[in-house]
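Participant: everything below, folded, please.
(one chain, ligands or ions: 1)
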Amino acid sequence: MKKYQVVVAGKMRACALAKINSECHVRQWDKIEPIPRNLLYEWLADAEGLVSTGDVRVDDELLAHAPHLRVIAQASVGYDNVDIAACTRRGIPFGNTPGVLVEATADLTFGLLLCAARRIHEGWNQVASGRWLNNHDVPFGIDLYGKTLGIVGMGRIGAAVARRARACGMQVIYHNRSRRADDEHLGAAYVAFDDLLAQADCIVVLVPLSPASRGMFGRAEFAKMKRTAYFINAARGGLVDTQALYDALKEGQIAYAALDVTDPEPLPGDHPLLTLPNVLITPHIGSATHETRDRMAMLTADNLLAGLAGRPLPACVNPEVNYRP
Ligand code: 8YV
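Facilitator: Alright, predicted model coming up:
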């Protein structure tokens with residue numbers, strides 16, 4: 001018997017939707033554009049569970065329109081679109097999907113670095129457009145072997161990127177709010193933020209977006225980097241001042257940027273960043289493998305169904321409200 005009223009505010013993998021459908025009456029918005037706010041409010045009036053997405057702002061106003069809500073689950077590890085304190089005040093647990101996307105996101109992050117360093121995409125463009133004339137007039141990149149990788153934000157994904165970098169013969173330094181006890185095991189040396197900016201040949205950003213971290217890479221930070229630096233952002237576009245990044249790339253303050261995330265996102269087709277020759281951008285595909293997105297969706301379904309049944313969520317961001325017998 002279907003017991004619960006649930007709103008799914010965006011597309012969802014079929015396996016997880018089937019699981020939710022078997023226990024819940026589901027209203028789903030499965031169009032490309034984000035669900036209109038007024039429709040979402042209308043649907044939330046009797047909803048007990050919400051599957052949110054990164055483009056839905058979950059704030060006090062939304063929660064005020066959802067008087068029966070008992071759980072929110074989202075298929076992402078990041079939750080910068082969510083006011084967690086507002087959820088906690090209302091006793092609503094918020095579930096995310098840490099852990100299950102680590103290797104896929106690390107692959108993409110390191111793949112961006114490798115692709116930028118070796119100009120793989122430029123080489124393909126040359127071949128595909130019939131401009132492969134000889135083996136000299138081809139895109140030239142840099143060796144990763146022997147270079148220093150600076151990881152800003154050494155969480156689970158950062159550690160997985162460090163492993164890949166070490167396997168390629170890179171030195172790894174990192175900066176975090178605090179030093180990791182296992183950093184020797186990771187083969188990564190803890191350094192101050194400014195030292196990382198100055199020493200790294202390649203910088204990978206894997207920091208969660210929060211009011212404190214928004215814009216942490218601006219003019220001053222790019223000015224501290226090597227002019228040969230490669231800058232990789234696979235976390236959130238809002239960590240970077242986009243205009244400052246554009247200027248740094250244009251003026252040769254840094255050498256190259258490879259981004260899986262941008263601000264704004266999606267990036268409009270006429271955005272100035274797209275006119276630069278030293279930038280590579282992918283459309284936020286860090287977790288976009290079939291296996292990983294299925295695992296994320298199933299964990300989201302598990303979080304949702306646990307919350308609806310009054311059980312602890314397997315992955316909860318606000319554990320203080322995670323168990324309400
Ligand atoms: C995607 C991510 O945003 O988990 C995150 O925080 O950034 C990515 O996995 C998301 O899963 C898109 O649905």
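Participant: what about the helices in the stretch 101-250 of the chain?
Facilitator: Ranges of helices within the stretch 101-250 of the chain are 102-118, 120-128, 156-167, 183-186, 193-199, 219-224, 242-250, based on DSSP state H, counting those that start in this stretch.
Participant: I'd like those helices as a markdown table, with distance to residue 230, mean pLDDT and mean neighbour count appended.
Facilitator: (Each C-beta comes from the backbone N, C-alpha and C, glycine too.) Conversion of the helices of the stretch 101-250 of the chain to a markdown table gives the following (distance: least, Cβ to Cβ, whole Å; pLDDT from 0 to 100; neighbours: other Cβ atoms under 10 Å):
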| stretch | distance to residue 230 | mean pLDDT | mean neighbour count |
| --- | --- | --- | --- |
| helix 102-118 | 6 | 98 | 22 |
| helix 120-128 | 14 | 98 | 14 |
| helix 156-167 | 12 | 98 | 21 |
| helix 183-186 | 21 | 96 | 14 |
| helix 193-199 | 13 | 98 | 16 |
| helix 219-224 | 12 | 98 | 16 |
| helix 242-250 | 11 | 98 | 19 |
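Participant: nearest to the ligand, of the ones you listed?
Facilitator: Between the ligand and these, the shortest gap by Cβ to the nearest ligand atom is with helix 102-118, which sits at 6.8 Å.
Participant: which residue is the nearest non-sequential neighbour of the residue of the stretch 201-325 of the chain found nearest the ligand?
Facilitator: Using Cβ to the nearest ligand atom, the closest approach of the stretch 201-325 of the chain to the ligand is made by residue 287 at 3.2 Å. On the basis of Cβ to Cβ, 6 or more residues apart in numbering, the spatially nearest residue to residue 287 that is not a chain neighbour turns out to be residue 101, at 4.2 Å.
Participant: thought that neighbour was touching residue 285?
Facilitator: No. The pair formed by residue 101 and residue 285 falls short of the contact definition of Cβ atoms under 8 Å, at 11.3 Å.
Participant: so those two - more neighbours on which side?
Facilitator: When residue 101 and residue 285 are compared for neighbours, residue 101 comes out ahead with 24 against 15, by other Cβ atoms under 10 Å.
Participant: so which bits of the stretch 51-200 of the chain are right by the ligand?
Facilitator: Residues of the stretch 51-200 of the chain lying near the ligand by Cβ under 6 Å from any ligand atom: 54, 75-78, 101.
Participant: try it again with 5 Å
Facilitator: The stretch 51-200 of the chain has residues 54, 76-78 near the ligand, with proximity defined as Cβ under 5 Å from any ligand atom.
Participant: what do you get for the stretch 201-325 of the chain?
Facilitator: residue 287.
Participant: let's see it at 8 Å
Facilitator: 235-236, 261, 284, 286-288, 293, 296 (Cβ under 8 Å from any ligand atom).
Participant: just among those residues, which is most surrounded?
Facilitator: Neighbour counts for those (other Cβ under 10 Å) peak at residue 235, which has 28 neighbours.
Participant: now the phi/psi pair for that residue, please.
Facilitator: Comment: the main-chain dihedrals of residue 235 come out as phi -110, psi -80, following degrees, to the nearest 10.
Participant: hmm, residue 170 is touching residue 143, no?
Facilitator: No. The pair residue 170 and residue 143 does not pass the contact test of Cβ under 8 Å, sitting 9.7 Å apart.
Participant: who has more neighbours out of those two?
Facilitator: Looking at residue 170 and residue 143 with other Cβ under 10 Å, you find the greater number of neighbours at residue 170, namely 22 against 12.
Participant: so who does that one touch?
Facilitator: Shown in contact with residue 170 (Cβ atoms under 8 Å, 6 or more residues apart in numbering): 144-149, 202.
Participant: let's see the ChimeraX selection covering just the buried ones among the residues you listed.
Facilitator: To isolate the buried ones among these in ChimeraX, judged by 16 or more other Cβ atoms under 10 Å, type:
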select :144,147,148,149,202
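Participant: can you add pLDDT and give the contacts of residue 170 back as CSV?
Facilitator: Output for the contacts of residue 170, formatted as CSV (pLDDT from 0 to 100):
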residue, pLDDT
144, 98
145, 98
146, 98
147, 98
148, 98
149, 99
202, 99
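Participant: for the stretch 201-325 of the chain, give me the ranges with low pLDDT.
Facilitator: 324-325 (pLDDT under 70).
Participant: ok, which stretches of it are strands?
Facilitator: Assigned strands in the stretch 201-325 of the chain, in chain order: 202-205, 230-233, 256-259, 279-281 (criterion: DSSP state E, counting those that start in this stretch).
Participant: mind putting those in CSV, distance to residue 164 included?
Facilitator: Shown next, in CSV, are the strands of the stretch 201-325 of the chain (distance: least, Cβ to Cβ, whole Å):
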stretch, distance to residue 164
strand 202-205, 10
strand 230-233, 12
strand 256-259, 15
strand 279-281, 18
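Participant: so which of the ones you listed gets nearest residue 194?
Facilitator: Distances from residue 194 to each of these were compared using Cβ to Cβ; the shortest belongs to strand 202-205, at 12.3 Å.
Participant: who are the packing partners of the closest one?
Facilitator: Packing partners of strand 202-205 (3 or more Cβ pairs under 8 Å, 6 or more residues apart in numbering; DSSP states H and E): helix 102-118, strand 148-152, strand 230-233.
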